[in-house]
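Engineer: Model the following, please.
(one chain, ligands or ions: 1)
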Amino acid sequence: MEINTTVKIGKLILKNPVMPASGTFGYGLEYKNFFNLSELGAIVTKGLSIIPVKGNKPQRLIETSSGILNSIGLQNIGVENFINEKLPELKKYKIPIIVNIYGKTIDEYIRVAERLSEVNIDAIEINISCPNVKKGGIQFASDKKAIKKLLYNIKKIYTRTIIVKLSPNINPVEDIAILCEEYGADSVSLINTLQGLAIDIIKRRPVLSNIYGGLSGPAIKPIALAMVHKVYKKVKIPVIGIGGIMTYKDAIEFLIAGATAIQIGSANFRDPLTCIKVIDGIKNFMKLNKIDDINLLIGTLNY
Ligand SMILES: Cc1cc2nc3c(=O)[nH]c(=O)nc-3n(C[C@H](O)[C@H](O)[C@H](O)COP(=O)(O)O)c2cc1C
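Structural biologist: Numbering: from 1, shown residues only. Prediction:
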(Lines give C-alpha, C1' and ligand atoms only; values in the text may rest on other atoms or scores of the structure.)
Protein backbone atom coordinates (compact mmCIF):
# COMPACT_ATOMS: atom_id res chain seq x y z
CA MET A 1 0.00 0.00 0.00
CA GLU A 2 1.32 3.44 -0.99
CA ILE A 3 1.29 5.86 1.90
CA ASN A 4 1.84 9.60 2.01
CA THR A 5 3.66 10.97 5.05
CA THR A 6 4.33 14.44 3.64
CA VAL A 7 3.19 17.41 5.72
CA LYS A 8 3.42 21.18 5.21
CA ILE A 9 4.56 23.75 7.76
CA GLY A 10 4.37 27.20 6.19
CA LYS A 11 6.55 27.05 3.08
CA LEU A 12 8.31 23.98 4.42
CA ILE A 13 7.55 20.58 3.00
CA LEU A 14 8.53 17.68 5.27
CA LYS A 15 8.65 14.18 3.81
CA ASN A 16 7.61 12.88 7.21
CA PRO A 17 6.47 14.74 10.35
CA VAL A 18 9.35 13.65 12.61
CA MET A 19 12.21 15.91 13.71
CA PRO A 20 14.48 16.18 16.75
CA ALA A 21 13.71 18.85 19.37
CA SER A 22 16.12 21.74 19.82
CA GLY A 23 18.93 21.18 22.31
CA THR A 24 18.72 17.41 22.33
CA PHE A 25 20.31 16.76 18.95
CA GLY A 26 23.30 19.13 18.99
CA TYR A 27 23.73 20.71 15.57
CA GLY A 28 22.58 17.48 13.91
CA LEU A 29 26.02 16.23 12.94
CA GLU A 30 26.56 14.69 16.39
CA TYR A 31 24.08 11.99 15.34
CA LYS A 32 25.42 11.32 11.84
CA ASN A 33 27.15 8.07 12.88
CA PHE A 34 23.97 6.64 14.40
CA PHE A 35 21.76 6.84 11.31
CA ASN A 36 21.36 8.57 7.96
CA LEU A 37 20.19 12.08 8.84
CA SER A 38 18.47 12.31 5.43
CA GLU A 39 15.72 10.06 6.83
CA LEU A 40 14.45 12.81 9.14
CA GLY A 41 11.56 15.12 8.27
CA ALA A 42 13.87 18.00 9.23
CA ILE A 43 16.78 18.85 11.49
CA VAL A 44 16.27 21.30 14.36
CA THR A 45 19.44 22.81 15.80
CA LYS A 46 20.40 23.74 19.33
CA GLY A 47 19.27 27.30 20.16
CA LEU A 48 21.65 29.83 18.62
CA SER A 49 22.43 33.32 19.88
CA ILE A 50 24.34 36.21 18.30
CA ILE A 51 27.54 35.39 20.22
CA PRO A 52 28.69 32.07 21.73
CA VAL A 53 27.29 31.27 25.19
CA LYS A 54 29.00 29.03 27.79
CA GLY A 55 25.83 28.17 29.68
CA ASN A 56 25.36 27.54 33.39
CA LYS A 57 27.84 26.03 35.81
CA PRO A 58 27.45 22.32 36.67
CA GLN A 59 25.32 20.60 37.87
CA ARG A 60 23.09 21.20 34.85
CA LEU A 61 21.12 17.99 34.49
CA ILE A 62 19.41 15.45 36.74
CA GLU A 63 17.18 12.51 36.01
CA THR A 64 13.74 12.66 37.65
CA SER A 65 10.80 10.26 37.73
CA SER A 66 10.00 9.74 34.04
CA GLY A 67 11.92 12.78 32.96
CA ILE A 68 14.95 15.02 33.17
CA LEU A 69 15.45 18.41 34.69
CA ASN A 70 17.99 20.61 32.90
CA SER A 71 19.45 24.05 33.27
CA ILE A 72 22.01 24.03 30.47
CA GLY A 73 21.63 27.80 30.16
CA LEU A 74 21.30 27.82 26.36
CA GLN A 75 24.98 27.03 25.76
CA ASN A 76 25.82 27.33 22.06
CA ILE A 77 28.57 28.15 19.57
CA GLY A 78 26.89 31.31 18.25
CA VAL A 79 25.29 31.90 14.86
CA GLU A 80 28.53 32.76 13.01
CA ASN A 81 30.35 29.58 14.05
CA PHE A 82 27.28 27.56 13.16
CA ILE A 83 27.19 29.04 9.66
CA ASN A 84 30.90 28.48 9.07
CA GLU A 85 31.55 25.19 10.86
CA LYS A 86 28.31 23.20 10.82
CA LEU A 87 26.00 24.39 8.05
CA PRO A 88 28.09 23.33 5.01
CA GLU A 89 28.19 19.68 6.15
CA LEU A 90 24.57 19.72 7.33
CA LYS A 91 23.44 20.93 3.90
CA LYS A 92 24.77 17.71 2.32
CA TYR A 93 21.93 15.71 3.88
CA LYS A 94 19.40 17.59 1.71
CA ILE A 95 16.70 17.85 4.35
CA PRO A 96 15.08 21.01 5.68
CA ILE A 97 17.19 22.77 8.30
CA ILE A 98 15.32 24.57 11.06
CA VAL A 99 17.48 26.82 13.20
CA ASN A 100 16.27 27.49 16.73
CA ILE A 101 17.16 31.03 17.83
CA TYR A 102 17.06 33.15 20.95
CA GLY A 103 18.33 36.40 22.42
CA LYS A 104 18.58 38.29 25.66
CA THR A 105 17.03 41.37 24.03
CA ILE A 106 14.68 41.87 21.07
CA ASP A 107 17.59 43.33 19.13
CA GLU A 108 19.66 40.17 19.66
CA TYR A 109 16.88 37.96 18.30
CA ILE A 110 16.59 40.22 15.25
CA ARG A 111 20.33 40.13 14.60
CA VAL A 112 20.41 36.32 14.64
CA ALA A 113 17.44 36.16 12.26
CA GLU A 114 19.05 38.75 9.99
CA ARG A 115 22.29 36.76 9.76
CA LEU A 116 20.34 33.58 9.01
CA SER A 117 18.38 35.33 6.26
CA GLU A 118 21.69 35.63 4.39
CA VAL A 119 22.29 31.87 4.27
CA ASN A 120 20.33 28.98 2.92
CA ILE A 121 18.34 27.56 5.83
CA ASP A 122 14.67 26.62 5.57
CA ALA A 123 13.07 27.92 8.74
CA ILE A 124 13.72 29.55 12.06
CA GLU A 125 12.15 28.43 15.30
CA ILE A 126 12.03 31.34 17.74
CA ASN A 127 12.45 30.23 21.35
CA ILE A 128 10.55 32.79 23.42
CA SER A 129 11.19 31.00 26.74
CA CYS A 130 14.11 33.30 27.49
CA PRO A 131 14.58 36.01 30.08
CA ASN A 132 14.52 39.53 28.64
CA VAL A 133 17.49 41.22 30.31
CA LYS A 134 16.22 44.70 29.48
CA LYS A 135 12.95 43.92 31.27
CA GLY A 136 14.60 42.68 34.47
CA GLY A 137 14.57 39.03 33.42
CA ILE A 138 10.86 38.46 32.81
CA GLN A 139 10.34 35.92 30.06
CA PHE A 140 9.57 37.03 26.51
CA ALA A 141 7.04 34.20 26.57
CA SER A 142 4.71 36.19 28.81
CA ASP A 143 5.26 39.59 27.21
CA LYS A 144 2.72 40.12 24.43
CA LYS A 145 4.19 43.47 23.40
CA ALA A 146 7.67 41.98 23.05
CA ILE A 147 6.36 39.04 21.01
CA LYS A 148 4.52 41.41 18.64
CA LYS A 149 7.64 43.52 18.19
CA LEU A 150 9.79 40.42 17.70
CA LEU A 151 7.54 38.99 14.99
CA TYR A 152 6.95 42.30 13.27
CA ASN A 153 10.68 42.92 12.93
CA ILE A 154 11.75 39.37 12.13
CA LYS A 155 9.12 39.06 9.39
CA LYS A 156 10.58 42.13 7.69
CA ILE A 157 14.00 40.51 7.34
CA TYR A 158 13.35 36.78 7.32
CA THR A 159 11.01 35.72 4.52
CA ARG A 160 11.05 31.94 4.88
CA THR A 161 9.12 29.87 7.42
CA ILE A 162 8.84 31.27 10.94
CA ILE A 163 7.91 28.97 13.83
CA VAL A 164 7.40 30.33 17.35
CA LYS A 165 8.19 27.89 20.15
CA LEU A 166 5.81 28.43 23.05
CA SER A 167 6.39 28.11 26.77
CA PRO A 168 4.06 25.94 28.85
CA ASN A 169 4.81 28.12 31.87
CA ILE A 170 2.43 30.80 30.58
CA ASN A 171 -1.32 30.51 30.98
CA PRO A 172 -3.31 30.23 28.83
CA VAL A 173 -0.88 29.18 26.11
CA GLU A 174 -3.64 29.52 23.46
CA ASP A 175 -3.62 33.32 23.86
CA ILE A 176 0.04 33.50 22.89
CA ALA A 177 -0.53 31.10 19.97
CA ILE A 178 -3.36 33.31 18.66
CA LEU A 179 -1.14 36.38 18.97
CA CYS A 180 1.66 34.64 17.03
CA GLU A 181 -0.76 33.71 14.25
CA GLU A 182 -2.09 37.25 14.11
CA TYR A 183 1.43 38.65 13.78
CA GLY A 184 2.42 36.37 10.95
CA ALA A 185 4.01 33.25 12.44
CA ASP A 186 3.70 30.33 10.01
CA SER A 187 3.51 27.79 12.83
CA VAL A 188 3.77 27.37 16.59
CA SER A 189 5.66 24.58 18.31
CA LEU A 190 4.90 23.45 21.85
CA ILE A 191 5.84 22.68 24.52
CA ASN A 192 9.18 23.84 25.79
CA THR A 193 10.18 22.51 29.23
CA LEU A 194 8.12 23.07 32.39
CA GLN A 195 9.82 24.76 35.32
CA GLY A 196 10.91 22.34 38.06
CA LEU A 197 13.11 21.98 41.15
CA ALA A 198 15.14 19.11 42.59
CA ILE A 199 16.56 19.24 46.14
CA ASP A 200 19.55 17.53 47.77
CA ILE A 201 18.07 16.67 51.20
CA ILE A 202 21.41 16.29 52.98
CA LYS A 203 22.81 19.63 51.85
CA ARG A 204 19.29 21.15 51.68
CA ARG A 205 20.38 22.78 48.49
CA PRO A 206 19.00 22.75 44.96
CA VAL A 207 20.64 20.03 42.87
CA LEU A 208 21.03 22.35 39.88
CA SER A 209 23.42 25.30 40.09
CA ASN A 210 20.71 27.48 38.58
CA ILE A 211 18.20 26.41 41.31
CA TYR A 212 15.32 25.82 38.85
CA GLY A 213 15.45 23.79 35.69
CA GLY A 214 13.24 22.73 32.81
CA LEU A 215 11.41 19.41 33.05
CA SER A 216 11.11 17.26 29.94
CA GLY A 217 10.50 13.63 29.01
CA PRO A 218 7.54 11.25 29.47
CA ALA A 219 6.48 13.05 32.68
CA ILE A 220 5.27 16.04 30.63
CA LYS A 221 3.51 14.22 27.79
CA PRO A 222 -0.10 14.50 29.02
CA ILE A 223 0.38 18.22 29.70
CA ALA A 224 1.89 18.76 26.26
CA LEU A 225 -0.91 16.81 24.57
CA ALA A 226 -3.59 18.89 26.27
CA MET A 227 -1.86 22.13 25.31
CA VAL A 228 -1.41 21.02 21.69
CA HIS A 229 -5.08 20.12 21.47
CA LYS A 230 -6.20 23.43 22.99
CA VAL A 231 -3.97 25.44 20.66
CA TYR A 232 -4.99 23.37 17.61
CA LYS A 233 -8.62 24.31 18.26
CA LYS A 234 -7.81 28.02 18.35
CA VAL A 235 -5.44 28.61 15.41
CA LYS A 236 -5.38 27.81 11.70
CA ILE A 237 -1.59 27.66 11.35
CA PRO A 238 0.04 24.23 11.79
CA VAL A 239 0.99 23.18 15.30
CA ILE A 240 4.18 21.22 16.03
CA GLY A 241 3.79 18.91 19.03
CA ILE A 242 6.62 18.37 21.52
CA GLY A 243 6.83 16.77 24.96
CA GLY A 244 7.68 13.30 26.17
CA ILE A 245 7.49 11.50 22.83
CA MET A 246 9.31 8.18 23.26
CA THR A 247 7.56 5.90 20.76
CA TYR A 248 5.53 6.03 17.54
CA LYS A 249 2.38 5.64 19.65
CA ASP A 250 3.15 8.87 21.48
CA ALA A 251 3.74 10.60 18.14
CA ILE A 252 0.39 9.38 16.79
CA GLU A 253 -1.37 10.69 19.90
CA PHE A 254 0.06 14.14 19.14
CA LEU A 255 -1.06 13.95 15.49
CA ILE A 256 -4.59 12.97 16.54
CA ALA A 257 -4.59 15.83 19.10
CA GLY A 258 -3.90 18.24 16.23
CA ALA A 259 -0.14 18.37 15.63
CA THR A 260 0.90 18.50 11.97
CA ALA A 261 4.43 17.45 12.91
CA ILE A 262 6.26 16.39 16.06
CA GLN A 263 9.64 16.85 17.71
CA ILE A 264 11.50 14.32 19.82
CA GLY A 265 13.72 15.62 22.63
CA SER A 266 14.80 13.73 25.75
CA ALA A 267 14.18 10.33 24.12
CA ASN A 268 17.27 10.93 21.95
CA PHE A 269 19.41 10.66 25.09
CA ARG A 270 18.01 7.25 25.96
CA ASP A 271 18.12 5.89 22.42
CA PRO A 272 19.76 7.92 19.64
CA LEU A 273 17.73 5.96 17.08
CA THR A 274 14.37 7.10 18.49
CA CYS A 275 13.55 9.43 15.57
CA ILE A 276 14.11 6.66 13.02
CA LYS A 277 12.13 4.14 15.07
CA VAL A 278 9.24 6.62 15.35
CA ILE A 279 9.25 7.25 11.57
CA ASP A 280 9.11 3.50 10.88
CA GLY A 281 6.47 2.97 13.55
CA ILE A 282 4.21 5.67 12.10
CA LYS A 283 4.50 4.14 8.61
CA ASN A 284 3.68 0.64 9.91
CA PHE A 285 0.75 1.96 11.93
CA MET A 286 -0.63 3.66 8.81
CA LYS A 287 -0.30 0.51 6.73
CA LEU A 288 -1.85 -1.71 9.40
CA ASN A 289 -4.76 0.68 9.83
CA LYS A 290 -5.13 1.38 6.10
CA ILE A 291 -4.47 5.11 6.44
CA ASP A 292 -2.93 6.16 3.13
CA ASP A 293 -2.33 9.83 3.98
CA ILE A 294 -0.92 11.07 7.29
CA ASN A 295 -2.94 14.26 6.95
CA LEU A 296 -6.06 12.13 7.54
CA LEU A 297 -4.84 11.53 11.09
CA ILE A 298 -4.16 15.13 12.08
CA GLY A 299 -6.71 16.65 14.46
CA THR A 300 -9.07 13.68 14.37
CA LEU A 301 -9.71 13.33 18.09
CA ASN A 302 -13.30 12.14 18.62
CA TYR A 303 -15.09 13.46 21.67
C1 LIG B 1 19.13 19.29 27.49
C2 LIG B 1 18.05 20.08 26.82
C3 LIG B 1 18.38 21.23 26.10
C4 LIG B 1 17.38 21.99 25.47
N5 LIG B 1 17.72 23.12 24.75
C6 LIG B 1 16.75 23.82 24.09
C7 LIG B 1 17.09 24.95 23.29
O8 LIG B 1 18.27 25.30 23.11
N9 LIG B 1 16.09 25.63 22.68
C10 LIG B 1 14.76 25.25 22.80
O11 LIG B 1 13.89 25.89 22.22
N12 LIG B 1 14.42 24.16 23.55
C13 LIG B 1 15.37 23.45 24.17
N14 LIG B 1 15.01 22.34 24.92
C15 LIG B 1 13.61 21.93 25.00
C16 LIG B 1 13.29 20.79 24.01
O17 LIG B 1 13.51 21.20 22.68
C18 LIG B 1 11.83 20.30 24.17
O19 LIG B 1 10.95 21.37 23.93
C20 LIG B 1 11.57 19.73 25.56
O21 LIG B 1 12.67 18.99 26.02
C22 LIG B 1 10.32 18.84 25.60
O23 LIG B 1 10.46 17.72 24.75
P24 LIG B 1 10.90 16.25 25.28
O25 LIG B 1 9.97 15.93 26.44
O26 LIG B 1 10.69 15.35 24.11
O27 LIG B 1 12.30 16.35 25.73
C28 LIG B 1 16.01 21.57 25.56
C29 LIG B 1 15.69 20.40 26.27
C30 LIG B 1 16.69 19.65 26.89
C31 LIG B 1 16.31 18.39 27.63
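Engineer: quick one: the helices in the chain?
Structural biologist: With DSSP state H as the criterion, the chain has helices at 79-81, 87-91, 106-117, 144-157, 173-182, 221-234, 248-257, 267-270, 274-288.
Engineer: Quick one: closest of these to I199.
Structural biologist: Minimum separation from I199 across the helices of the chain (C-beta to C-beta) falls at helix 221-234, 21.8 Å. Where you see a C-beta, it was placed from the backbone N, CA and C, and this is true even at glycine.
Engineer: taking the mean pLDDT, what do you get for that closest one?
Structural biologist: When pLDDT is averaged over helix 221-234, the result is 98.
Engineer: What residues does this structure have near the ligand?
Structural biologist: Residues of the chain lying close to the ligand (C-beta under 6 Å from any ligand atom) are 21-24, 46-47, 68, 70, 72, 74, 100, 127, 165, 192-193, 216-217, 220, 242-245, 264-267.
Engineer: what's in contact with stretch 6-17?
Structural biologist: Stretch 6-17 is contacted from outside by 5, 40-42, 95-96, 98, 122-123, 160-163, 186-187, 237-238, 240, 251, 255, 259-262, 279, 282-283, 294-295, 298, using C-beta atoms under 8 Å, 6 or more residues apart in numbering.
Engineer: what does stretch 224-233 give?
Structural biologist: Contacts of stretch 224-233 (C-beta under 8 Å, 6+ apart): 166, 168, 172-174, 177, 188, 190-191, 239, 241-244, 253-254, 257-259, 299, 301.
Engineer: hmm, which of the residues you listed are the buried ones?
Structural biologist: Among the contacts of stretch 224-233, those classed as buried by 16 or more other C-beta atoms under 10 Å are 166, 168, 173-174, 177, 188, 190-191, 239, 241-244, 253-254, 257-259, 299.
Engineer: Once you drop chain neighbours, what's closest to the closest residue to the ligand within the stretch 1-150 of the chain?
Structural biologist: In the stretch 1-150 of the chain, the residue that lies nearest the ligand is G23 (1.9 Å; C-beta to the nearest ligand atom). Excluding the flanking residues, the one nearest G23 by C-beta to C-beta, 6 or more residues apart in numbering is K46, at 5.2 Å.
Engineer: my guess is A259 contacts D250, does it?
Structural biologist: No: taking C-beta atoms under 8 Å as the definition, A259 is not a contact partner of D250, at 10.9 Å.
Engineer: coming back round to it: when you check the contacts of stretch 6-17 against the strands, which ones overlap?
Structural biologist: The strands, defined by DSSP state E, take in 98, 123, 161-163, 187, 240, 259-262 from the contacts of stretch 6-17.
Engineer: so which of those comes closest to the ligand?
Structural biologist: For the ones in strands among the contacts of stretch 6-17, the nearest to the ligand is I262 (9.0 Å; C-beta to the nearest ligand atom).
Engineer: and the closest one, bridged to which residues?
Structural biologist: Beta-bridge pairing for I262 (DSSP bridges): V18, G241.
Engineer: Just give the number of residues close to it.
Structural biologist: 30 (other C-beta atoms under 10 Å).
Engineer: quick one: contacts for I77?
Structural biologist: Counted by C-beta under 8 Å, 6+ apart, I77 has contacts 27, 48, 52, 85-86.
Engineer: go again using 7 Å as the cut-off
Structural biologist: P52 (C-beta atoms under 7 Å, 6 or more residues apart in numbering).
Engineer: so what pLDDT did it get?
Structural biologist: Listed pLDDT for I77 reads 98.
Engineer: Near E118, how many other residues are there?
Structural biologist: Using other C-beta under 10 Å: E118 sits among 9 other residues.
Engineer: can you pull the contacts of it?
Structural biologist: Under the criterion of C-beta under 7 Å, 6+ apart, E118 has no contact partners.
Engineer: Can you tell me the closest non-neighbouring residue to the residue of the stretch 201-303 of the chain found nearest the ligand?
Structural biologist: Using C-beta to the nearest ligand atom, the closest approach of the stretch 201-303 of the chain to the ligand is made by G265 at 2.4 Å. Leaving aside its sequence neighbours, G265 sits nearest to A21 (C-beta to C-beta, 6+ apart; 3.4 Å).
Engineer: tell me the contacts of the one you found?
Structural biologist: Contacts of A21 (C-beta under 7 Å, 6+ apart): 44, 242, 263-265.
Engineer: of those residues, buried ones?
Structural biologist: Those of these that meet the buried threshold are 44, 242, 263-265, by 16+ other C-beta under 10 Å.
Engineer: so where's the stretch 1-150 of the chain uncertain?
Structural biologist: Across the stretch 1-150 of the chain, nothing is flagged by pLDDT under 70.
Engineer: Now that we're looking at the nearest residue to N284 once chain neighbours are set aside, what pLDDT does it have?
Structural biologist: Spatial nearest neighbour of N284, excluding adjacent residues (C-beta to C-beta, 6+ apart): Y248 at 7.6 Å. On the pLDDT scale, Y248 is placed at 98.
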